[in-house]
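[1] What follows is a predicted protein model with its sequence.
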Amino acid sequence: MKLVGFLLLLAGWWIVLAAIALLGFGAARAGFILAGVGVEALGLVLVVRSHQNLRGERE
Amino acid sequence: MPTPVPLSETATALVTALILLVPLAGAGLALINAGLGRSRSAAHAMMASLCIMAVAALAYFVCGFAWQGFAGGPGHAFAVQGKEWNWIAGERLFFRGLDLTSSRASLTALLGMLSVSVAALIPLGSGADRWRLGAACASTAVFAGLTFPLFAHWVWGGGWLASLGANYGLGRGFVDAGGSSSIQAVGGLTALSIAWILGPRRGKYTLEGVPTAIPGHNSVLVLFACLLTLMGWMGLNSAGAILFTGAETGRVALIAINTTLAATSAALAAALITRRRFGKPDASLTANGWVGGLASSSAAGAFVAPAAAVVIGLVAGVLVTLGVELFESRLGVDDPGGAISVHGVCGIWGVMAVGLFAPLPAGMLNGVAATSGADSRQWLAQLAGVAALLGFVLPLSYTLNWLLNRVYPQRVAVEGERQGMDLYELGAGAYPEFLTHTDEFTQR
(Lines give C-alpha, C1' and ligand atoms only; values in the text may rest on other atoms or scores of the structure.)
Protein backbone atom coordinates (compact mmCIF):
# COMPACT_ATOMS: atom_id res chain seq x y z
CA MET A 1 0.00 0.00 0.00
CA LYS A 2 2.91 2.31 0.79
CA LEU A 3 4.44 1.78 -2.65
CA VAL A 4 1.11 2.44 -4.35
CA GLY A 5 0.75 5.60 -2.29
CA PHE A 6 4.13 6.92 -3.34
CA LEU A 7 3.43 6.00 -6.97
CA LEU A 8 0.19 7.98 -6.76
CA LEU A 9 2.11 10.95 -5.38
CA LEU A 10 4.44 10.78 -8.38
CA ALA A 11 1.56 10.21 -10.80
CA GLY A 12 -0.31 13.24 -9.46
CA TRP A 13 2.74 15.41 -9.98
CA TRP A 14 3.13 14.13 -13.53
CA ILE A 15 -0.51 14.96 -14.25
CA VAL A 16 0.17 18.51 -13.10
CA LEU A 17 3.30 18.73 -15.27
CA ALA A 18 1.47 17.32 -18.27
CA ALA A 19 -1.40 19.76 -17.81
CA ILE A 20 1.02 22.69 -17.73
CA ALA A 21 3.02 21.53 -20.73
CA LEU A 22 0.27 20.26 -23.00
CA LEU A 23 -2.88 22.26 -22.28
CA GLY A 24 -3.45 25.90 -23.16
CA PHE A 25 -5.10 28.58 -21.05
CA GLY A 26 -8.49 27.80 -19.68
CA ALA A 27 -10.54 25.66 -17.40
CA ALA A 28 -9.12 22.38 -18.71
CA ARG A 29 -5.63 23.22 -17.52
CA ALA A 30 -6.82 24.38 -14.11
CA GLY A 31 -9.03 21.29 -13.84
CA PHE A 32 -6.21 18.90 -14.64
CA ILE A 33 -3.86 20.66 -12.20
CA LEU A 34 -6.50 20.31 -9.49
CA ALA A 35 -7.05 16.67 -10.49
CA GLY A 36 -3.30 16.02 -10.21
CA VAL A 37 -3.22 17.48 -6.72
CA GLY A 38 -6.28 15.33 -5.90
CA VAL A 39 -4.40 12.20 -7.00
CA GLU A 40 -1.51 13.30 -4.79
CA ALA A 41 -3.88 13.68 -1.86
CA LEU A 42 -5.11 10.12 -2.45
CA GLY A 43 -1.50 8.90 -2.50
CA LEU A 44 -0.77 10.74 0.71
CA VAL A 45 -3.75 9.08 2.41
CA LEU A 46 -2.47 5.64 1.34
CA VAL A 47 1.05 6.33 2.60
CA VAL A 48 -0.31 7.59 5.92
CA ARG A 49 -2.56 4.54 6.29
CA SER A 50 0.31 2.17 5.47
CA HIS A 51 2.41 3.71 8.24
CA GLN A 52 -0.48 3.46 10.69
CA ASN A 53 -0.72 -0.26 9.89
CA LEU A 54 3.04 -0.61 10.28
CA ARG A 55 2.86 0.94 13.75
CA GLY A 56 0.08 -1.46 14.69
CA GLU A 57 2.24 -4.42 13.64
CA ARG A 58 5.20 -3.11 15.68
CA GLU A 59 3.03 -2.89 18.78
CA MET B 1 14.90 33.60 -17.66
CA PRO B 2 16.64 37.00 -18.03
CA THR B 3 19.68 37.89 -15.93
CA PRO B 4 18.61 39.96 -12.87
CA VAL B 5 19.75 43.56 -12.53
CA PRO B 6 23.03 43.88 -10.53
CA LEU B 7 22.63 45.05 -6.94
CA SER B 8 23.66 48.59 -5.96
CA GLU B 9 26.33 49.04 -3.29
CA THR B 10 23.66 50.04 -0.76
CA ALA B 11 21.58 46.98 -1.54
CA THR B 12 24.63 44.73 -1.34
CA ALA B 13 25.55 46.10 2.10
CA LEU B 14 21.97 45.79 3.34
CA VAL B 15 21.55 42.23 2.03
CA THR B 16 24.86 41.22 3.60
CA ALA B 17 23.77 42.60 6.98
CA LEU B 18 20.37 40.89 6.68
CA ILE B 19 21.93 37.55 5.78
CA LEU B 20 24.10 37.75 8.90
CA LEU B 21 20.87 37.62 10.97
CA VAL B 22 19.88 34.24 9.52
CA PRO B 23 21.97 32.09 11.92
CA LEU B 24 19.70 33.38 14.71
CA ALA B 25 16.88 31.40 13.09
CA GLY B 26 19.06 28.30 13.36
CA ALA B 27 19.89 29.08 16.99
CA GLY B 28 16.19 29.47 17.73
CA LEU B 29 15.22 26.20 16.08
CA ALA B 30 18.03 24.36 17.88
CA LEU B 31 16.82 25.66 21.26
CA ILE B 32 13.21 24.82 20.43
CA ASN B 33 14.16 21.26 19.48
CA ALA B 34 16.19 20.86 22.67
CA GLY B 35 13.50 22.38 24.91
CA LEU B 36 10.65 20.31 23.46
CA GLY B 37 12.62 17.07 23.90
CA ARG B 38 13.38 15.18 27.11
CA SER B 39 15.94 16.45 29.64
CA ARG B 40 17.98 13.27 29.23
CA SER B 41 18.47 14.08 25.51
CA ALA B 42 18.99 17.85 25.75
CA ALA B 43 22.76 17.92 25.24
CA HIS B 44 22.39 15.48 22.37
CA ALA B 45 19.82 17.75 20.72
CA MET B 46 22.14 20.76 20.86
CA MET B 47 25.15 18.72 19.77
CA ALA B 48 23.14 17.26 16.89
CA SER B 49 22.04 20.78 15.89
CA LEU B 50 25.63 21.97 15.71
CA CYS B 51 26.76 18.90 13.76
CA ILE B 52 23.80 19.14 11.40
CA MET B 53 24.51 22.81 10.65
CA ALA B 54 28.17 21.94 10.03
CA VAL B 55 27.41 19.03 7.72
CA ALA B 56 24.77 21.04 5.86
CA ALA B 57 27.12 23.95 5.21
CA LEU B 58 29.88 21.63 4.00
CA ALA B 59 27.62 19.56 1.75
CA TYR B 60 26.21 22.75 0.27
CA PHE B 61 29.75 23.99 -0.34
CA VAL B 62 30.83 20.72 -1.97
CA CYS B 63 27.92 20.21 -4.36
CA GLY B 64 24.73 21.89 -3.10
CA PHE B 65 25.33 25.30 -4.60
CA ALA B 66 26.55 23.76 -7.85
CA TRP B 67 23.09 22.22 -8.27
CA GLN B 68 21.10 25.15 -6.90
CA GLY B 69 22.83 27.95 -8.81
CA PHE B 70 21.33 31.41 -9.22
CA ALA B 71 18.98 33.13 -11.66
CA GLY B 72 20.86 33.95 -14.84
CA GLY B 73 23.56 31.36 -14.15
CA PRO B 74 24.28 28.20 -16.15
CA GLY B 75 21.74 25.39 -15.99
CA HIS B 76 20.69 22.13 -17.61
CA ALA B 77 17.39 22.20 -19.45
CA PHE B 78 15.32 20.08 -21.81
CA ALA B 79 12.68 21.34 -24.20
CA VAL B 80 8.99 20.39 -24.38
CA GLN B 81 7.18 21.83 -27.39
CA GLY B 82 9.83 24.52 -27.72
CA LYS B 83 9.65 25.60 -24.06
CA GLU B 84 12.67 25.13 -21.80
CA TRP B 85 12.41 23.17 -18.55
CA ASN B 86 15.45 24.14 -16.51
CA TRP B 87 15.77 21.43 -13.86
CA ILE B 88 19.26 21.72 -12.36
CA ALA B 89 22.01 24.33 -12.26
CA GLY B 90 25.36 23.84 -13.92
CA GLU B 91 27.74 25.57 -11.53
CA ARG B 92 31.07 24.02 -10.60
CA LEU B 93 31.66 22.08 -7.37
CA PHE B 94 33.32 23.73 -4.32
CA PHE B 95 32.21 27.26 -5.36
CA ARG B 96 34.88 27.18 -8.08
CA GLY B 97 34.60 29.89 -10.70
CA LEU B 98 32.28 31.97 -8.51
CA ASP B 99 32.97 35.68 -8.10
CA LEU B 100 32.98 35.91 -4.30
CA THR B 101 33.35 39.68 -4.10
CA SER B 102 29.90 41.08 -3.33
CA SER B 103 28.26 39.76 -6.48
CA ARG B 104 24.63 38.61 -6.51
CA ALA B 105 25.89 35.06 -6.99
CA SER B 106 28.12 35.16 -3.91
CA LEU B 107 25.30 36.59 -1.77
CA THR B 108 23.01 33.85 -3.08
CA ALA B 109 25.64 31.28 -2.12
CA LEU B 110 25.97 32.75 1.39
CA LEU B 111 22.21 32.93 1.92
CA GLY B 112 21.83 29.41 0.53
CA MET B 113 24.50 28.03 2.84
CA LEU B 114 22.84 29.53 5.92
CA SER B 115 19.32 28.66 4.70
CA VAL B 116 20.17 25.01 4.17
CA SER B 117 21.63 24.91 7.69
CA VAL B 118 18.33 26.21 9.06
CA ALA B 119 16.26 23.86 6.89
CA ALA B 120 18.33 20.84 7.92
CA LEU B 121 17.48 21.49 11.59
CA ILE B 122 13.77 21.01 10.92
CA PRO B 123 13.82 17.17 10.69
CA LEU B 124 15.68 17.05 14.01
CA GLY B 125 12.48 18.28 15.66
CA SER B 126 10.53 15.23 14.51
CA GLY B 127 13.37 12.77 15.19
CA ALA B 128 14.14 14.03 18.69
CA ASP B 129 14.99 11.57 21.47
CA ARG B 130 15.64 8.65 19.10
CA TRP B 131 17.64 9.78 16.02
CA ARG B 132 21.28 8.69 16.14
CA LEU B 133 23.83 11.47 15.77
CA GLY B 134 25.75 9.79 12.94
CA ALA B 135 22.56 8.96 11.05
CA ALA B 136 21.28 12.53 11.43
CA CYS B 137 24.55 13.80 9.94
CA ALA B 138 24.39 11.34 7.05
CA SER B 139 20.76 12.24 6.34
CA THR B 140 21.69 15.93 6.46
CA ALA B 141 24.45 15.42 3.90
CA VAL B 142 21.89 13.98 1.48
CA PHE B 143 19.42 16.74 2.28
CA ALA B 144 21.88 19.62 1.83
CA GLY B 145 23.69 18.04 -1.09
CA LEU B 146 20.67 17.04 -3.16
CA THR B 147 17.08 17.54 -1.97
CA PHE B 148 17.30 21.18 -0.90
CA PRO B 149 19.47 22.46 -3.81
CA LEU B 150 17.30 20.79 -6.42
CA PHE B 151 14.07 22.39 -5.24
CA ALA B 152 15.81 25.68 -4.44
CA HIS B 153 17.03 25.80 -8.04
CA TRP B 154 13.51 25.36 -9.32
CA VAL B 155 12.31 28.27 -7.17
CA TRP B 156 15.26 30.64 -6.77
CA GLY B 157 17.74 29.61 -9.45
CA GLY B 158 15.68 30.34 -12.53
CA GLY B 159 14.32 26.78 -12.67
CA TRP B 160 11.13 25.54 -14.28
CA LEU B 161 8.85 26.54 -11.42
CA ALA B 162 10.04 30.15 -11.52
CA SER B 163 9.63 30.11 -15.31
CA LEU B 164 5.99 28.96 -15.31
CA GLY B 165 4.86 32.53 -15.89
CA ALA B 166 7.28 33.35 -18.70
CA ASN B 167 6.83 29.99 -20.45
CA TYR B 168 3.21 29.06 -19.80
CA GLY B 169 1.44 32.20 -18.64
CA LEU B 170 0.84 30.93 -15.09
CA GLY B 171 0.83 34.27 -13.28
CA ARG B 172 4.36 35.54 -12.64
CA GLY B 173 5.69 32.00 -12.20
CA PHE B 174 6.08 30.31 -8.82
CA VAL B 175 6.89 33.02 -6.27
CA ASP B 176 8.46 32.38 -2.86
CA ALA B 177 10.56 35.27 -1.63
CA GLY B 178 11.77 33.95 1.71
CA GLY B 179 11.56 30.17 1.52
CA SER B 180 8.14 28.96 2.69
CA SER B 181 8.58 26.17 0.18
CA SER B 182 12.30 25.70 -0.39
CA ILE B 183 13.28 25.97 3.28
CA GLN B 184 10.18 25.33 5.39
CA ALA B 185 8.09 22.87 3.39
CA VAL B 186 11.10 20.91 2.13
CA GLY B 187 12.36 20.68 5.71
CA GLY B 188 8.89 19.81 7.02
CA LEU B 189 8.30 17.03 4.48
CA THR B 190 11.74 15.60 5.26
CA ALA B 191 10.73 15.74 8.94
CA LEU B 192 7.65 13.67 8.05
CA SER B 193 9.85 11.10 6.26
CA ILE B 194 12.16 10.88 9.27
CA ALA B 195 9.25 10.49 11.72
CA TRP B 196 7.81 7.66 9.60
CA ILE B 197 11.13 5.87 9.24
CA LEU B 198 12.12 6.18 12.91
CA GLY B 199 8.68 5.33 14.29
CA PRO B 200 7.34 6.75 17.58
CA ARG B 201 9.34 6.97 20.79
CA ARG B 202 8.99 4.04 23.17
CA GLY B 203 6.07 4.67 25.49
CA LYS B 204 4.54 7.34 23.27
CA TYR B 205 1.54 5.16 22.40
CA THR B 206 -0.28 2.63 24.56
CA LEU B 207 -1.02 -0.83 23.21
CA GLU B 208 -4.44 0.51 22.20
CA GLY B 209 -2.73 3.23 20.16
CA VAL B 210 -3.67 6.09 22.48
CA PRO B 211 -0.92 8.75 22.61
CA THR B 212 0.58 9.63 25.98
CA ALA B 213 1.87 13.11 26.75
CA ILE B 214 5.65 13.46 26.87
CA PRO B 215 6.02 17.15 27.65
CA GLY B 216 9.06 19.17 26.63
CA HIS B 217 11.58 19.61 29.44
CA ASN B 218 12.25 23.37 29.24
CA SER B 219 9.56 25.77 28.08
CA VAL B 220 11.75 28.77 28.99
CA LEU B 221 14.28 27.77 26.34
CA VAL B 222 11.50 27.24 23.83
CA LEU B 223 9.82 30.61 24.43
CA PHE B 224 13.10 32.53 24.44
CA ALA B 225 14.02 30.81 21.19
CA CYS B 226 10.89 32.28 19.59
CA LEU B 227 12.43 35.76 19.91
CA LEU B 228 15.64 34.56 18.27
CA THR B 229 13.71 33.03 15.40
CA LEU B 230 11.90 36.32 14.79
CA MET B 231 15.20 38.13 14.21
CA GLY B 232 16.49 35.32 12.02
CA TRP B 233 13.34 35.27 9.93
CA MET B 234 13.42 39.04 9.41
CA GLY B 235 16.84 38.61 7.84
CA LEU B 236 15.79 35.57 5.85
CA ASN B 237 12.61 37.09 4.45
CA SER B 238 14.16 40.46 3.65
CA ALA B 239 17.36 39.16 2.08
CA GLY B 240 15.42 36.59 0.06
CA ALA B 241 12.98 39.20 -1.22
CA ILE B 242 15.76 41.49 -2.44
CA LEU B 243 17.89 38.73 -3.93
CA PHE B 244 15.26 36.46 -5.45
CA THR B 245 12.35 38.73 -6.34
CA GLY B 246 14.20 42.01 -6.95
CA ALA B 247 12.35 43.83 -4.16
CA GLU B 248 13.66 47.35 -3.56
CA THR B 249 15.54 47.98 -0.32
CA GLY B 250 12.76 50.25 0.92
CA ARG B 251 10.54 47.20 1.38
CA VAL B 252 12.60 45.85 4.26
CA ALA B 253 10.48 47.69 6.84
CA LEU B 254 7.27 46.28 5.35
CA ILE B 255 8.75 42.78 5.32
CA ALA B 256 9.83 43.09 8.97
CA ILE B 257 6.36 44.36 9.92
CA ASN B 258 4.64 41.52 8.07
CA THR B 259 6.99 38.92 9.55
CA THR B 260 6.31 40.19 13.06
CA LEU B 261 2.54 40.41 12.53
CA ALA B 262 2.33 36.88 11.12
CA ALA B 263 4.31 35.42 14.04
CA THR B 264 2.45 37.32 16.75
CA SER B 265 -1.03 36.67 15.37
CA ALA B 266 -0.23 32.97 14.91
CA ALA B 267 1.05 32.69 18.48
CA LEU B 268 -2.04 34.46 19.86
CA ALA B 269 -4.32 32.25 17.78
CA ALA B 270 -2.59 29.14 19.14
CA ALA B 271 -2.74 30.47 22.72
CA LEU B 272 -6.45 31.27 22.42
CA ILE B 273 -7.32 27.94 20.85
CA THR B 274 -5.42 25.94 23.47
CA ARG B 275 -6.93 28.06 26.27
CA ARG B 276 -10.38 27.41 24.89
CA ARG B 277 -9.79 23.68 24.49
CA PHE B 278 -7.69 22.85 27.56
CA GLY B 279 -8.64 25.64 29.96
CA LYS B 280 -5.14 27.17 29.95
CA PRO B 281 -2.90 28.35 27.13
CA ASP B 282 -0.29 25.77 26.13
CA ALA B 283 3.27 27.16 26.05
CA SER B 284 4.73 24.67 23.58
CA LEU B 285 1.85 24.99 21.11
CA THR B 286 1.96 28.78 21.40
CA ALA B 287 5.67 28.67 20.56
CA ASN B 288 4.92 26.31 17.69
CA GLY B 289 2.26 28.75 16.51
CA TRP B 290 4.79 31.58 16.57
CA VAL B 291 7.25 29.66 14.39
CA GLY B 292 4.41 28.46 12.16
CA GLY B 293 3.45 32.10 11.59
CA LEU B 294 7.04 32.86 10.65
CA ALA B 295 7.18 29.90 8.27
CA SER B 296 3.98 30.99 6.53
CA SER B 297 5.13 34.63 6.29
CA SER B 298 8.21 33.88 4.21
CA ALA B 299 6.69 33.48 0.76
CA ALA B 300 4.36 36.46 0.70
CA GLY B 301 5.83 38.76 3.35
CA ALA B 302 7.40 41.07 0.79
CA PHE B 303 4.18 41.73 -1.12
CA VAL B 304 1.12 41.65 1.12
CA ALA B 305 -0.44 44.41 3.19
CA PRO B 306 -0.03 44.11 6.99
CA ALA B 307 -3.69 43.14 7.42
CA ALA B 308 -3.16 40.19 5.09
CA ALA B 309 -0.09 39.17 7.11
CA VAL B 310 -2.31 39.06 10.21
CA VAL B 311 -4.77 36.76 8.40
CA ILE B 312 -1.91 34.55 7.17
CA GLY B 313 -0.62 34.33 10.74
CA LEU B 314 -4.04 33.58 12.24
CA VAL B 315 -4.61 30.73 9.80
CA ALA B 316 -1.11 29.41 10.54
CA GLY B 317 -1.86 29.41 14.26
CA VAL B 318 -5.02 27.38 13.69
CA LEU B 319 -3.21 24.99 11.34
CA VAL B 320 -0.42 24.36 13.85
CA THR B 321 -2.70 23.54 16.76
CA LEU B 322 -4.96 21.31 14.69
CA GLY B 323 -2.04 19.78 12.78
CA VAL B 324 -0.05 18.78 15.86
CA GLU B 325 -3.11 17.01 17.30
CA LEU B 326 -3.99 15.39 13.96
CA PHE B 327 -0.51 13.96 13.43
CA GLU B 328 -0.13 12.78 17.02
CA SER B 329 -3.59 11.43 17.80
CA ARG B 330 -5.14 10.42 14.51
CA LEU B 331 -2.21 9.59 12.23
CA GLY B 332 0.14 8.07 14.81
CA VAL B 333 3.11 10.24 13.85
CA ASP B 334 5.32 11.05 16.84
CA ASP B 335 6.73 14.52 16.16
CA PRO B 336 8.11 15.89 19.47
CA GLY B 337 8.98 19.30 18.03
CA GLY B 338 5.83 19.72 15.94
CA ALA B 339 8.11 20.21 12.92
CA ILE B 340 5.73 18.69 10.38
CA SER B 341 2.84 21.01 11.22
CA VAL B 342 4.97 24.08 11.90
CA HIS B 343 7.23 23.93 8.86
CA GLY B 344 5.52 21.52 6.46
CA VAL B 345 1.86 22.48 6.77
CA CYS B 346 2.45 26.19 7.43
CA GLY B 347 5.09 26.34 4.70
CA ILE B 348 2.58 25.03 2.17
CA TRP B 349 -0.03 27.46 3.50
CA GLY B 350 2.47 30.31 3.03
CA VAL B 351 3.03 29.28 -0.58
CA MET B 352 -0.69 29.32 -1.33
CA ALA B 353 -1.08 32.65 0.48
CA VAL B 354 0.94 34.28 -2.32
CA GLY B 355 -1.73 33.28 -4.79
CA LEU B 356 -4.60 34.27 -2.49
CA PHE B 357 -3.43 37.57 -0.98
CA ALA B 358 -0.39 39.02 -2.70
CA PRO B 359 -0.79 41.90 -5.13
CA LEU B 360 2.58 41.21 -6.76
CA PRO B 361 4.85 44.21 -7.49
CA ALA B 362 4.37 46.21 -10.67
CA GLY B 363 7.85 45.60 -12.08
CA MET B 364 9.35 42.47 -13.57
CA LEU B 365 9.15 39.30 -11.47
CA ASN B 366 10.56 35.97 -12.70
CA GLY B 367 10.90 37.57 -16.11
CA VAL B 368 7.21 38.52 -16.34
CA ALA B 369 5.83 42.06 -16.21
CA ALA B 370 2.59 42.80 -14.39
CA THR B 371 -0.45 42.38 -16.63
CA SER B 372 -4.10 42.51 -15.77
CA GLY B 373 -4.68 38.78 -16.15
CA ALA B 374 -1.42 37.48 -14.70
CA ASP B 375 -2.20 37.75 -11.02
CA SER B 376 -5.52 35.97 -11.39
CA ARG B 377 -3.64 32.83 -12.45
CA GLN B 378 -0.96 33.11 -9.78
CA TRP B 379 -2.65 30.53 -7.56
CA LEU B 380 -2.18 27.91 -10.29
CA ALA B 381 1.58 28.52 -10.33
CA GLN B 382 1.65 28.24 -6.55
CA LEU B 383 -0.41 25.03 -6.71
CA ALA B 384 2.09 23.58 -9.20
CA GLY B 385 4.80 24.25 -6.61
CA VAL B 386 2.80 22.48 -3.91
CA ALA B 387 2.32 19.53 -6.31
CA ALA B 388 6.09 19.37 -6.80
CA LEU B 389 6.61 19.39 -3.04
CA LEU B 390 4.19 16.51 -2.48
CA GLY B 391 4.90 14.57 -5.67
CA PHE B 392 8.66 14.96 -5.87
CA VAL B 393 10.24 16.18 -2.62
CA LEU B 394 8.33 13.85 -0.26
CA PRO B 395 8.95 10.62 -2.27
CA LEU B 396 12.58 11.61 -2.91
CA SER B 397 13.25 12.44 0.72
CA TYR B 398 11.52 9.30 1.97
CA THR B 399 13.34 7.04 -0.51
CA LEU B 400 16.78 8.49 0.23
CA ASN B 401 16.29 8.21 3.99
CA TRP B 402 14.80 4.72 3.66
CA LEU B 403 17.86 3.60 1.69
CA LEU B 404 20.13 5.23 4.23
CA ASN B 405 18.27 3.41 6.98
CA ARG B 406 18.98 0.09 5.24
CA VAL B 407 22.74 0.59 5.29
CA TYR B 408 23.02 2.66 8.48
CA PRO B 409 20.08 2.28 10.90
CA GLN B 410 18.83 5.69 11.94
CA ARG B 411 17.07 4.81 15.18
CA VAL B 412 19.02 4.43 18.39
CA ALA B 413 19.01 1.05 20.18
CA VAL B 414 16.38 0.35 22.85
CA GLU B 415 19.00 0.83 25.55
CA GLY B 416 19.77 4.28 24.17
CA GLU B 417 16.17 5.39 24.48
CA ARG B 418 15.96 4.03 28.01
CA GLN B 419 19.18 5.70 29.15
CA GLY B 420 18.63 8.87 27.20
CA MET B 421 20.55 10.05 24.17
CA ASP B 422 22.95 12.13 26.26
CA LEU B 423 24.43 9.27 28.25
CA TYR B 424 24.17 6.69 25.48
CA GLU B 425 25.71 8.68 22.63
CA LEU B 426 27.68 11.44 24.36
CA GLY B 427 28.59 9.84 27.67
CA ALA B 428 27.40 12.81 29.74
CA GLY B 429 24.10 14.51 30.42
CA ALA B 430 23.11 18.13 29.94
CA TYR B 431 22.10 18.50 33.59
CA PRO B 432 24.37 16.16 35.59
CA GLU B 433 23.28 17.52 38.97
CA PHE B 434 19.57 16.98 38.25
CA LEU B 435 17.51 13.88 38.91
CA THR B 436 16.53 12.19 35.66
CA HIS B 437 13.13 10.66 35.07
CA THR B 438 12.01 7.24 33.99
CA ASP B 439 9.60 6.50 31.16
CA GLU B 440 6.73 6.70 33.65
CA PHE B 441 7.82 10.15 34.81
CA THR B 442 8.36 9.03 38.39
CA GLN B 443 11.53 10.14 40.12
CA ARG B 444 14.19 7.49 40.67
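    Cool, got the structure. Numbering: from 1, shown residues only, chains lettered A, B, ... in the order given.
[2] just for the chain, where's the confidence low?
    This is for chain A. Counting by pLDDT under 70, the ranges of chain A that qualify are A:54-59.
[3] look at chain B instead
    Using pLDDT under 70, chain B drops low at B:1-3, B:371-375, B:435-444.
[4] Phi first, then psi, for the spatially closest residue to residue B:350 that is not a sequence neighbour.
    Excluding its sequence neighbours, the residue lying closest to residue B:350 (CB to CB, 6 or more residues apart in numbering or on different chains) is residue B:180, at 3.3 Å. For the C-beta atoms, the positions are set from N, CA and C on the backbone; glycine is no exception. Note on residue B:180: its backbone torsions stand at phi -60, psi -30 [degrees, to the nearest 10].
[5] what about residue B:180, how many residues close to it?
    Applying other CB atoms under 10 Å in any protein chain shown, we find 34 residues neighbouring residue B:180.
[6] dump the residue contacts of it.
    B:295, B:296, B:297, B:298, B:299, B:300, B:346, B:347, B:348, B:350, B:351 (CB atoms under 8 Å, 6 or more residues apart in numbering or on different chains).
[7] which parts of the helix or strand the first one falls within are buried?
    Residue B:295 belongs to helix B:283-300 when assigned by DSSP states H and E. The neighbour-count criterion (16 or more other CB atoms under 10 Å in any protein chain shown) identifies B:283-300 as the buried residues of helix B:283-300.
[8] Name the nearest residue to the residue of chain A found nearest chain B, sequence neighbours excluded.
    Proximity of chain A to chain B (CB to the nearest CB) peaks at residue A:13, 2.4 Å away. Leaving aside its chain neighbours, residue A:13 sits nearest to residue B:391 (2.4 Å; criterion: CB to CB, 6+ apart).
[9] got a list of what the one you found touches?
    A:9, A:10, A:11, A:12, A:13, A:14, A:16, A:36, A:40.
[10] Please repeat the previous calculation with a cut-off of 6 Å.
    By CB atoms under 6 Å, 6 or more residues apart in numbering or on different chains, the residues touching residue B:391 are A:9, A:10, A:12, A:13, A:40.
[11] Looking at those, which two lie furthest apart in space?
    Within those, A:10 and A:40 form the most distant pair, 8.8 Å apart (CB to CB).
[12] more neighbours, the two?
    Each of residue A:10 and residue A:40 has its neighbours counted (other CB under 10 Å); residue A:40 has more, 26 against 18.
[13] part of a strand, is the more buried one?
    No: with DSSP: H, G, I helix; E, B strand; the rest coil as the criterion, residue A:40 is helix rather than part of a strand.
[14] Tell me if I'm right that it and residue B:388 touch.
    No: counting by CB atoms under 6 Å, residue A:40 does not reach residue B:388; the two are 10.0 Å apart.
[15] okay, among the contacts of residue B:180, which ones form the most distant pair?
    Spanning the widest gap among these are B:297 and B:348, at 13.5 Å by CB to CB.
[16] Chain B contacts on chain A?
    Within chain A, the residues that sit near chain B (CB under 6 Å from any CB of the partner chain) are A:6, A:9-10, A:12-13, A:16, A:20-21, A:30, A:33, A:36-37, A:40, A:48, A:51-52, A:55, A:59.
[17] So which of the residues you listed sit within helices?
    Counting by DSSP state H, the residues of chain A next to chain B place A:6, A:9-10, A:12-13, A:16, A:20-21, A:30, A:33, A:36-37, A:40, A:48, A:51-52, A:55 in helices.
[18] Tell me who's in contact with the residue nearest to the spatial centre of chain B.
    Taking CA atoms, centre = their mean, the centroid of chain B lies closest to residue B:184, which sits 2.3 Å from it. Taking CB under 6 Å, 6+ apart, we find residue B:184 in contact with B:295, B:343, B:347.
[19] show me what contacts the first one?
    With contacts taken as CB under 6 Å, 6+ apart, residue B:295 has the following neighbours: B:184, B:343, B:346, B:347.
[20] so how many other residues sit close to the residue nearest to residue B:283 when sequence neighbours are not counted?
    Distances taken as CB to CB, 6+ apart put residue B:219 closest to residue B:283, at 4.3 Å, once the chain neighbours are dropped. Number of residues near residue B:219 (other CB under 10 Å) recorded here: 16.
[21] and what of residue B:104?
    Neighbour number of residue B:104 under other CB under 10 Å is 23.
[22] Please apply the same query to residue A:27.
    By other CB under 10 Å, the residues close to residue A:27 number 8.
[23] ok, it to residue B:397 distance?
    According to CB to CB, to the nearest Å, residue A:27 stands 33 Å off from residue B:397.
[24] Kindly indicate whether residue B:87 is helix, strand or coil.
    strand.
[25] Can you tell me the closest non-neighbouring residue to the residue positioned nearest the centre of chain A?
    Geometric centre of chain A, nearest residue: residue A:40, 1.7 Å, by CA atoms, centre = their mean. Of all residues not flanking residue A:40 in the chain, residue A:12 sits nearest, at 3.3 Å (CB to CB, 6+ apart).
[26] is it true that the residue nearest to residue A:13 lies in a strand?
    No: according to three-state DSSP, the state of residue B:391 is helix, so it is not within a strand.
[27] Around chain A, pick out the residues from the stretch 101-250 of chain B.
    By CB under 6 Å from any CB, the residues of the stretch 101-250 of chain B that approach chain A are B:168, B:196, B:207.
[28] Check those against residue B:328 and report the nearest one.
    residue B:196 (13.7 Å).
[29] which non-adjacent residue is nearest residue B:37?
    Spatial nearest neighbour of residue B:37, excluding adjacent residues (CB to CB, 6+ apart): residue B:128 at 4.1 Å.
[30] Neighbours of residue B:383, how many?
    By other CB under 10 Å, neighbour count at residue B:383 equals 21.
[31] which SS state does it fall under?
    Assignment for residue B:383 (three-state DSSP): helix.
[32] Distance check, it against chain A.
    6 Å (CB to the nearest CB, to the nearest Å).
[33] One more: residue B:336?
    According to CB to the nearest CB, residue B:336 and chain A sit 16 Å apart.
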